[in-house]
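>>> Dropping the sequence and predicted coords here.
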Amino acid sequence: MTDDILKVSDLKAYYQMNYYGNNFEVRAVDGIDMSVRRGEVYGIAGESSSGKSSFVKVLAAAIRPPLRLVSGSVRYDFAGHPIDLATADARDIEAIRWKHLSYIMQGSMSVLNPVRRIGRTFEDFASRPLNLRGRAFRDRIVAHLERLKLPAEVLQAYPHELSGGMRQRVTIGLATVCHPEFILADEPTTALDVVVQKEVLKLLRDIQKEMGAAVIFVTHDMSVHANVADRVGIIYAGNLVEEGPTREMFSAPKHPYTAHLVASLPRIGDTAQRPALDGRPPNLAKPPPGCRFHPRCPLAVERCRREAPPLETVSPDHRTACWRWSEVAPLVDHGMRQEVVR
Amino acid sequence: MTDYIWFLAKRAALLVAVIFFGVSAAFFITHLSPIDPVETALGRISSQASFSPQAIAEMRQTLTELYGTDAPVLSQYGNFWRRLLVGDLGPSLIAFPTPAMTLVMQAMPWTVALLVISTLITFVLGNLLGGLAGYNQNNALFKSLGMLAISLQPIPYYVVAFILLILFGFVWPVLPISGGYAMTVTPGLNLPFVLSVLNHAILPALSLVLVGFGSWFLGMRALVSNIVTEDYVTYAELAGVRKSTIVGSYVMRNALIPQITGLAMTLGTVFSGTVITEEVFNYPGLGSLLIDAVFEGDYALVLAVSSISVVAVAGAIFVVDLLYPLLDPRIRSE
């Protein structure tokens, strides 16, 4: 497909550590293949320690030891500036930062310098990529803040003087003011309460549509994905196990893990206890053989223990990595199916 | 604004209290000392000629009346405050009747200049290099600088002073090892005098800088290596913010806040630290004056020097306290 803005092929990134002469290797990202289209919101879901944050770090070119890119490629097709993060040098990567690729970080409380006024932070972040200074720059920022329903006075404020929701809107403002083509949002609303979260999500969605930027939106909260994502990809133990259009992922998941994630969502009027998945996520330093989900999978058979299933296309745009995907349907919660399909 | 005035008033009240208790402590400690200034003076006089026991007894009485040491300690204490409030610290006992204040004022510029300059150099150098070392942790140059700081830091300052004295006074005799200026120049605002003063200050200042550098360097390096992992630093790096801005305004700026507290606290120890440094280099400052006064049992002079240092240290901490809200906006709004 030619309208892909990001294409990730066979990406492997491991944490490689050496303690007292013993080498440890944690395979946080182990062979991910995926792509994101222009103007699309791609949701990434997965539980803690599934490797989703490491994956985003690789996408953001924020790899620091002990995390290392082992193989594969991360190709962005920015207008007039195509780049492969796996082979690009530091200067090329600096050139795309913020202008083409921006990032909304987890934890709005700590991502702003506590001793710097918001206005100075905007200058630090955006003055160079926008190539504006002084009056013109200020006007541009104020106009942008207005879109985020923030008064111009926040530029004079220090981070501690703002509420959590305002601070999160400021970070969204920082990430979007240069009109990047691609935004990586890592749990941008996790620290906020539900009401503020809804506002911020709507704002992010609106501004994304207006600018036509592609977004990778990472959160473990499936209900957020249902609201914002066009497509959702599920990461389990460093692998992409299923991806598909959001609606289909909720109504007809083709991987038992996705089916469980969807079934665990609380719903209005239903007081039954949500089923929990037995067991723990696998140790990525020593992943289980075969399909990595088999120790917790209700459908696991002998083949799953021996052979890792490939990611195969089961319907247009929908891929899953499960030997028994055609048998997943009975696991799906039918109440959810109706609600989402409605 | 009224908040700031209230803050100012509280800090000023604290300053007055600290000075009162500090000076009182200095008063009682000197008066509890077993050295009696009258006996010391008699010893000094009678070693030069022989006197009849009666003459000695008369002299003892005269001196006791003169120094006022026969009065109860509490009434001496009251008198001491009464005179102090009008700026009179009484006559020095060893250089009687020169006022103690005059001796202090002669010695003070030497110590203050030495201290302020060496403390500033140490603070700036230690924090700048320590900050850069914390940010560039894998740089070989900063790594070896760190080793140097670690090995210098635990050496007592008087040992460093003696080592410098031996190195630059005897092994490679290029610097004057004693005094504040050469005998051949006339004190005043003339070039030979100023150059001579600077030349004589190099070794004492160097001994203070070398010792102080290590702890600033190591402290700043540790602070910075924590701050570089803060989200706001990572975020600025991901945004491609200029390296110099990140190091200066994001990393060092945040690390500086605890370091300023450290500066206020070391000002106190630096003051007492120079006592031995000055003695080693025979530097004409307050430290040397204080040591002479202690050995001669010169209450008035000991009290004058220690009162001045109490006021100076408390005042310096007060000023640093006032600077705080300028450094950390989070304090301003409290």
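Sure thing, it's come through. Numbering: from 1, shown residues only, chains lettered A, B, ... in the order given.
>>> tell me the pLDDT at A:V340?
With respect to pLDDT, A:V340 scores 48.
>>> B:S333 now?
52.
>>> so how far is stretch B:175-185 from its chain's centroid?
A distance of 22 Å separates the centroid of the chain from that of stretch B:175-185, by CA atoms, centre = their mean, to the nearest Å.
>>> From the opening residue of it to its closing one, how far?
Using CA to CA, to the nearest Å, the end-to-end distance of stretch B:175-185 comes out at 16 Å.
>>> repeat for stretch A:271-289
Using CA to CA, the span of stretch A:271-289 from its first residue to its last is 38 Å.
>>> which other residues reach it?
A:24-28, A:30, A:47-51, A:236-238, A:257, A:260, A:263-266, A:292, A:294-296, A:305-306, A:308 (CB atoms under 8 Å, 6 or more residues apart in numbering or on different chains). Bear in mind the C-beta positions are built from the backbone N, C-alpha and C, glycine included.
>>> ok now do the residue of the stretch 1-150 of chain A found nearest chain B, which residues does it touch?
At 3.3 Å from chain B, A:R97 is the closest residue in the stretch 1-150 of chain A, using CB to the nearest CB. Shown in contact with A:R97 (CB under 8 Å, 6+ apart): A:61, A:129, B:238-240.
>>> Dig out what it forms beta bridges with.
Beta-bridge partners of A:R97, counted by DSSP bridges, are A:L101.
>>> quick one on the thing from earlier: same list, the contacts of A:R97, but as a markdown table with neighbour count, distance to B:L165 and secondary structure please.
Formatted as a markdown table, the contacts of A:R97 follow (neighbours: other CB atoms under 10 Å in any protein chain shown; distance: CB to CB, whole Å; DSSP: H, G, I helix; E, B strand; the rest coil):
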| residue | neighbour count | distance to B:L165 | secondary structure |
| --- | --- | --- | --- |
| A:A61 | 22 | 55 | coil |
| A:P129 | 20 | 58 | helix |
| B:L238 | 22 | 53 | helix |
| B:A239 | 23 | 53 | coil |
| B:G240 | 21 | 52 | coil |
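>>> Select, from these, the two members most distant in space.
A:A61 and A:P129 (15.3 Å; CB to CB).
>>> B:G180: neighbour count?
If you count neighbours by other CB atoms under 10 Å in any protein chain shown, B:G180 ends up with 23.
>>> Need phi/psi at the residue in chain B that chain A sits nearest to.
Here chain B gets closest to chain A at one residue, B:G240, 3.3 Å apart by CB to the nearest CB. Backbone torsions of B:G240, given as degrees, to the nearest 10, read phi 70, psi 30.
>>> In contact with it, which residues?
So B:G240 contacts A:94, A:97-98, A:128-129 (CB under 8 Å, 6+ apart).
>>> before we move on, what about A:H179?
With CB under 8 Å, 6+ apart, A:H179 has these contacts: A:211, A:213.
>>> what's the spacing between it and chain B?
Distance, A:H179 to chain B, using CB to the nearest CB, to the nearest Å: 14 Å.
>>> Any chance of TSV for the contacts of A:R97, columns distance to A:Q156?
Formatted as TSV, these follow (distance: CB to CB, whole Å):
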residue	distance to A:Q156
A:A61	33
A:P129	23
B:L238	25
B:A239	21
B:G240	25
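>>> and stretch A:148-161, anywhere near chain B?
Yes - for a cut-off given as CB under 8 Å from any CB of the partner chain, stretch A:148-161 has contacts with chain B, namely A:158, A:160-161.
>>> Can you list the neighbours in contact with stretch B:124-143?
Stretch B:124-143 is contacted by residues B:145-146, B:149, B:209, B:212-225, B:227-228, B:247, B:251-252, B:255-256, B:259 when judged by CB under 8 Å, 6+ apart.
>>> For PyMOL, what selects the buried ones among these?
In PyMOL, a selection of the buried entries from the contacts of stretch B:124-143 looks like this (16 or more other CB atoms under 10 Å in any protein chain shown):
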select buried, chain B and resi 145+146+149+209+212+213+214+215+216+217+218+219+220+221+223+224+225+227+228+247+251+252+255+256+259
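>>> and chain A, which of the contacts of stretch B:124-143 contact it?
Counting by CB under 8 Å from any CB, no member of those reaches chain A.
>>> picking up where we left off before, of the contacts of stretch A:271-289, which belong to strands?
Members of the contacts of stretch A:271-289 lying in strands (criterion: DSSP state E): A:24-28, A:30, A:236.
>>> Just the buried residues of those.
Buried by 16+ other CB under 10 Å: A:25-28, A:30, A:236, out of these.
>>> Can you show me the helices along chain B?
Ranges of helices in chain B, per DSSP state H, are B:2-32, B:37-46, B:53-67, B:73-85, B:100-135, B:140-152, B:157-166, B:191-227, B:231-238, B:243-245, B:253-280, B:286-296, B:299-327, B:329-332.
>>> Run the angle between the first one and helix B:299-327 for me.
Inter-element angle recorded for helix B:2-32 and helix B:299-327: 160 degrees (by axes from the mean of the first three to the mean of the last three CA atoms, to 10 degrees).
>>> Which neighbouring elements make contact with helix B:2-32?
Contacts defined by 3 or more CB pairs under 8 Å, 6 or more residues apart in numbering or on different chains; DSSP states H and E place helix B:2-32 against helix B:73-85, helix B:299-327.
>>> Could you do the third one as well?
In this structure, helix B:53-67 packs against helix B:37-46, with contacts taken as 3+ CB pairs under 8 Å, 6+ apart.
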